[in-house]
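Peer 1: Pasting the sequence and the predicted model now:
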Amino acid sequence: MIRQLIDKIQKTKAPICVGLDPMLNYIPEHVIKKAFEEFGETLEGAAEAIWQFNKEIVDHVYDLIPSVKPQIAMYEQFGIEGLKAYTKTVNYCQEKGLFVIGDAKRGDIGSTSAAYATAHIGQVKVGNKSFSAFGTDFLTVNPYLGTDGVKPFVDVCKEEDKGLFVLVKTSNPSSGEFQDQLIGGRPLYELVAEKVVEWGADCMDGAYSNVGAVVGATYPEMSRILRKLMPNTYFLVPGYGAQGGTAEDLKPCFNEDGLGAIVNSSRGIIAAYKSENYARFGEEHFGEASRQAVIDMVTDINRVL
């Protein structure tokens with residue numbers, strides 16, 4: 001799976017993914033109005049607005065990018081109707097040739113992790129038949145419970161040729177409360193990184209493992225250390241743009257060949273029309289604003305690689 005993603009990154013010359021993390025206040029009024037006219041001010045109406053918003057953005061950017069990353073919480077808040085919108089979004093993106101990184105950050109005891117893995121990247125058996133529930137290509141995983149919680153995901157990756165991105169050093173301000181704590185003189189994130197390498201050792205797909213790592217753009221010095229510790233691990237990099245990470249901050253996440261990382265931007269792309277830089281497009285043309293934001297992001301990142 002990671003080799004296929006790398007092929008698409010090289011084809012598009014765009015080491016990025018667009019975070020499809022829609023909030024209702026990101027969605028233009030005319031999209032919300034139409035959805036509410038059809039379904040009312042209901043969970044179904046909110047889900048319809050999200051779906052139409054996503055579809056418009058995907059239609060404007062799918063030819064420029066290799067992947068998207070929908071954050072499932074943004075859909076779950078609207079209950080079953082929201083999850084239907086999530087599923088439609090995943091399916092539509094894959095129909096457009098995009099790889100889908102399901103950002104669910106799952107992780108629990110073994111049997112529960114196995115069920116999560118089955119739901120998101122595996123096949124669930126129903127009688128004599130098997131079905132893919134959410135069917136994403138990659139899934140983000142929380143390693144806090146250790147190998148017991150991660151191995152079931154790795155097993156499904158091997159069975160289904162799917163991929164993972166395990167949280168190692170996240171981009172949020174309080175990440176250091178746990179991740180930076182010293183254990184035997186070393187920060188915890190380094191120990192997690194070494195486990196990620198171990199978990200991914202028998203999931204190699206060419207030069208890289210199908211078991212990747214989440215490494216935030218907001219801590220470039222730590223990224224540089226982690227790149228050395230995980231030379232064959234692909235990084236999913238949040239924190240660019242709205243969270244303060246710059247193109248220069250991203251550079252340590254990449255290897256010398258310009259591969260090794262894929263950078264996420266969510267609101268910087270999907271809510272681009274709200275920013276001063278893209279205000280000229282207006283609400284009616286929010287998809288065009290998102291397209292221009294993608295073009296600008298790709299240019300910005302490629303200049304430092």
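Peer 2: Good, I have the coordinates. Numbering: from 1, shown residues only.
Peer 1: all strands of the stretch 51-200 of the chain, in order?
Peer 2: Secondary structure of the stretch 51-200 of the chain, counting by DSSP state E, counting those that start in this stretch: strands at 67-68, 99-106, 124-126, 129-131, 138-141, 163-169, 182-183, 186-187.
Peer 1: What's opposite Lys169 in the beta bridge?
Peer 2: Applying DSSP bridges to Lys169 gives these bridge partners: Val215.
Peer 1: so where is the stretch 201-305 of the chain shaky, pLDDT-wise?
Peer 2: Applying pLDDT under 70 to the stretch 201-305 of the chain picks out residues 242.
Peer 1: and the strands of the stretch 51-200 of the chain as a markdown table, adding mean neighbour count?
Peer 2: Heads up, the C-betas are built off the backbone N, CA and C, glycines and all. Shown next, in a markdown table, are those (neighbours: other Cβ atoms under 10 Å):
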| stretch | mean neighbour count |
| --- | --- |
| strand 67-68 | 27 |
| strand 99-106 | 23 |
| strand 124-126 | 10 |
| strand 129-131 | 10 |
| strand 138-141 | 28 |
| strand 163-169 | 27 |
| strand 182-183 | 9 |
| strand 186-187 | 14 |
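Peer 1: For Lys274, find the nearest of the ones you listed.
Peer 2: Nearest of the strands of the stretch 51-200 of the chain to Lys274, taken as Cβ to Cβ: strand 67-68 at 19.5 Å.
Peer 1: tell me the mean pLDDT over the closest one?
Peer 2: Strand 67-68 shows a mean pLDDT of 98.
Peer 1: what does stretch 165-180 give?
Peer 2: 94.
Peer 1: Span of that stretch from start to end?
Peer 2: Using Cα to Cα, to the nearest Å, the span of stretch 165-180 from its first residue to its last is 19 Å.
Peer 1: what does stretch 208-221 give?
Peer 2: End-to-end for stretch 208-221, by Cα to Cα: 22 Å.
Peer 1: Report the buried residues of that stretch.
Peer 2: Neighbour-count burial for stretch 208-221 flags 208-220 (criterion: 16 or more other Cβ atoms under 10 Å).
Peer 1: Turn the strands of the stretch 51-200 of the chain into JSON lines, including distance to Asp296.
Peer 2: What follows is the strands of the stretch 51-200 of the chain, written out as JSON lines (distance: least, Cβ to Cβ, whole Å):
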{"stretch": "strand 67-68", "distance to Asp296": "18"}
{"stretch": "strand 99-106", "distance to Asp296": "22"}
{"stretch": "strand 124-126", "distance to Asp296": "41"}
{"stretch": "strand 129-131", "distance to Asp296": "40"}
{"stretch": "strand 138-141", "distance to Asp296": "25"}
{"stretch": "strand 163-169", "distance to Asp296": "25"}
{"stretch": "strand 182-183", "distance to Asp296": "40"}
{"stretch": "strand 186-187", "distance to Asp296": "34"}
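Peer 1: so which of those gets nearest Ala193?
Peer 2: strand 163-169 (5.3 Å).
Peer 1: hmm, who's touching the closest one?
Peer 2: Applying Cβ atoms under 8 Å, 6 or more residues apart in numbering, the external contacts of strand 163-169 come out as 1-2, 5, 101, 105, 121, 137-143, 150, 153-154, 157, 175, 179, 189, 192-193, 196, 199, 210-216, 219, 222-223, 226, 234, 236.
Peer 1: Can you lay out the buried residues of stretch 208-221 as TSV showing distance to Val294?
Peer 2: Formatted as TSV, those follow (distance: Cβ to Cβ, whole Å):
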residue	distance to Val294
Tyr208	24
Ser209	27
Asn210	26
Val211	27
Gly212	22
Ala213	24
Val214	21
Val215	22
Gly216	21
Ala217	17
Thr218	21
Tyr219	25
Pro220	23
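Peer 1: how about a markdown table for those, with distance to Cys17 and secondary structure added?
Peer 2: Output for the buried residues of stretch 208-221, formatted as a markdown table (distance: Cβ to Cβ, whole Å; DSSP: H, G, I helix; E, B strand; the rest coil):
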| residue | distance to Cys17 | secondary structure |
| --- | --- | --- |
| Tyr208 | 16 | strand |
| Ser209 | 18 | strand |
| Asn210 | 16 | coil |
| Val211 | 17 | strand |
| Gly212 | 12 | strand |
| Ala213 | 15 | strand |
| Val214 | 12 | strand |
| Val215 | 14 | strand |
| Gly216 | 15 | coil |
| Ala217 | 13 | coil |
| Thr218 | 17 | coil |
| Tyr219 | 19 | coil |
| Pro220 | 19 | helix |
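Peer 1: and of these, the nearest to Tyr240?
Peer 2: Ala217 (4.9 Å).
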